[in-house]
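Asks: this one's sequence-less:
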């Protein structure tokens, strides 16, 4: 089975993508604000020993009061690349 790390798993796209990936027999590891919040680098340690086949990054900093998108979603949701170095 292929292993996938999915960031933003609680968002609109993430919720639907999890269902599809599980249907296709992928093992899905979630990252969202309650599981390994990306704003705290130390949270990523739980994934250190897992060799992912794919990482799908859908996470974004959101304001639940607003439904408008802006360019800050891209710049503020970057995952540190050093977290994945061996």
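Replies: Looks like it came in fine. Because the structure is predicted, anything quoted here is derived from the model rather than measured.
Asks: Quick check: chain neighbours aside, which residue is closest to residue 35?
Replies: In this structure, residue 35 finds its nearest non-sequential neighbour in residue 9, 7.7 Å apart by Cβ to Cβ, 6 or more residues apart in numbering. C-beta here means a position set from N, CA and C on the backbone, and glycine is covered the same way.
Asks: so who does residue 25 touch?
Replies: Listed by Cβ atoms under 8 Å, 6 or more residues apart in numbering, the contact partners of residue 25 are 1-2.
Asks: in the chain, which spans are strands?
Replies: Per DSSP state E, the chain carries strands over the ranges 3-7, 27-31, 54-57.
Asks: Of all these, which one is nearest residue 44?
Replies: strand 27-31 (8.1 Å; Cβ to Cβ).
Asks: what mean pLDDT does that closest one have?
Replies: For strand 27-31, mean pLDDT rounds to 91.
Asks: contact partners of that strand?
Replies: Under Cβ under 8 Å, 6+ apart, the answer for strand 27-31 is 1-10, 14, 18, 21-22, 36-38, 47, 50, 52, 59.
Asks: Is it possible to mark the buried ones in the residues you listed?
Replies: 4-10, 14, 18, 21, 36, 38, 47, 59 (16 or more other Cβ atoms under 10 Å).
Asks: Give me the pLDDT value at residue 12.
Replies: Note on residue 12: pLDDT of 89.
Asks: do residue 81 as well
Replies: The model reports residue 81 with a pLDDT of 53.
Asks: do the same with the one 3 residues further on
Replies: On pLDDT, residue 84 comes in at 53.
Asks: returning to what we had before: switch the strands of the chain over to a markdown table; also include distance to residue 42.
Replies: Converted to a markdown table, the strands of the chain look like this (distance: least, Cβ to Cβ, whole Å):
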| stretch | distance to residue 42 |
| --- | --- |
| strand 3-7 | 16 |
| strand 27-31 | 13 |
| strand 54-57 | 18 |
